[in-house]
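Asks: build me a structure from this.
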Amino acid sequence: MEEKTLNPIFTSQDLMEQIFEPPQWIIEDLIPEGLTILSGAPKIGKSWLALQIANAVATGEPLFGRKASKQEGVFVLALEDNPRRLQLRMDKGKFKPSKQLNFAVEFPRGPRGLAEYLNQNNDIKLVIIDTLAIFLPAQSNRGQNAYDSDVGRMRQLHSIVKKMNVSIIVIHHDKQSEEGDWANKISGSSGIIGTADTLMRLSVTKRGSKEGNLQVTGRDVEDVELSLKLEESLMHWCIDKKRDEKPLPPLHKEVLSLIPDAPETISSKSISESLSKEQSQISEILTKLRNAGHIESPAWAEYTKSKT
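Replies: Residues are numbered from 1 along each chain as shown. All right, here's what the predicted structure looks like:
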């Protein structure tokens, strides 16, 4: 099919003849491109998780067994930190210093300064803002309700994503709520959760616990829930295999038995051919094995056993 530009108003035939690029990933099958909210209660490790994401993209290293996007520039607005604390965090986490990973602890508030910076530094492909409340505080304009205010804030960030061809992860806080759906625990009105492309929420089983859960939902990602634990020696979040350890179904065991130890890998296609199974079925099993921490995917559709 020949690629063509859609008119503002288009027919279903025009739509189906259009060729679209597949979604790009920050972290494969976990964080797609676009505008992402990372929420959680205060002081549970959101900034550590954000630094892990930043490091994965800047160095090209995998995160939670998932391939990071190709090695790209990252800009972290650590507006609740100072250089000394950032250095301690980098040192404790044994993160490799990289010229691809950039920080600012003082920066103009609002989208204008960020757009100007990105215009001068077009190698930056991921921006992490810590936090939304500091960078883009809620406005209390007379006659404007909270929903409209939140939609306005998020649209300003969406505009940067589209115009500057970057992805943005915004760290945000939970609200004190017992509402059932985890997305409703994200602070602010539904204007925030409705406008973001992807929602991520980090929670712990109880205050002070090192056991956590990462829940993800969005327009371009299937719902994901990972059981995590915080390794105190490095302050890294990692997959907690033991917490959700259950006997594997027979076919899962067969798939796992075919996956080699690192650095060797095997493709999902090779596994499906070896077991005479549909590739879609094997891909679903591989996703479950990766979510449980049994395997990693250092390259697209290539798998190896987890190192730990």
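Asks: CA only for contacts and neighbour counts going forward, please
Replies: Fine.
Asks: ok, residue 30 - contacts?
Replies: Neighbour list for residue 30: 66, 216, 221, 224 [criterion: CA atoms under 8 Å, 6 or more residues apart in numbering].
Asks: where does the first one fall, phi/psi-wise?
Replies: It refers to residue 66. phi -110, psi 140 (degrees, to the nearest 10).
Asks: across the sheet, point out what pairs with it.
Replies: Counting by DSSP bridges, residue 66 is bridged to residue 63.
Asks: and it, what does it touch?
Replies: Taking CA under 8 Å, 6+ apart, we find residue 66 in contact with 27-30, 296-298.
Asks: which among those residues gets closest to residue 71?
Replies: Residue 71 lies nearest to residue 27 out of the contacts of residue 66, by CA to CA, at 11.4 Å.
Asks: give me the residues contacting the host helix or strand of residue 270.
Replies: Using DSSP states H and E, residue 270 sits within helix 268-275. For helix 268-275, the surrounding residues in contact (CA under 8 Å, 6+ apart) are 255, 258, 278-279, 282-283, 286, 301-303.
Asks: can you check stretch 37-46 too?
Replies: With CA under 8 Å, 6+ apart as the test, stretch 37-46 has contacts from 169-175, 186, 193, 196, 198-204, 207-208.
Asks: rerun at 6 Å
Replies: Identification of contacts with stretch 37-46 by CA atoms under 6 Å, 6 or more residues apart in numbering yields 169-174, 199-203.
Asks: likewise stretch 117-131?
Replies: Contact with stretch 117-131 is made by 73-79, 166-172, as judged by CA under 6 Å, 6+ apart.
Asks: please repeat the previous calculation with a cut-off of 7 Å.
Replies: 72-80, 164, 166-172 (CA atoms under 7 Å, 6 or more residues apart in numbering).
Asks: sitting in strands, which of the residues you listed do you find?
Replies: Those of the contacts of stretch 117-131 mapping onto strands are 73-78, 167-172, per DSSP state E.
Asks: those, buried ones only, as a PyMOL selection?
Replies: For the buried members of the ones in strands among the contacts of stretch 117-131, the matching PyMOL selection, counting by 16 or more other CA atoms under 10 Å, is:
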select buried, resi 73+74+75+76+77+78+167+168+169+170+171+172
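Asks: output the ones in strands among the contacts of stretch 117-131 in JSON lines; the columns should cover pLDDT.
Replies: As requested, these are exported to JSON lines (pLDDT from 0 to 100):
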{"residue": "73", "pLDDT": "95"}
{"residue": "74", "pLDDT": "97"}
{"residue": "75", "pLDDT": "97"}
{"residue": "76", "pLDDT": "97"}
{"residue": "77", "pLDDT": "97"}
{"residue": "78", "pLDDT": "95"}
{"residue": "167", "pLDDT": "96"}
{"residue": "168", "pLDDT": "97"}
{"residue": "169", "pLDDT": "97"}
{"residue": "170", "pLDDT": "95"}
{"residue": "171", "pLDDT": "94"}
{"residue": "172", "pLDDT": "91"}
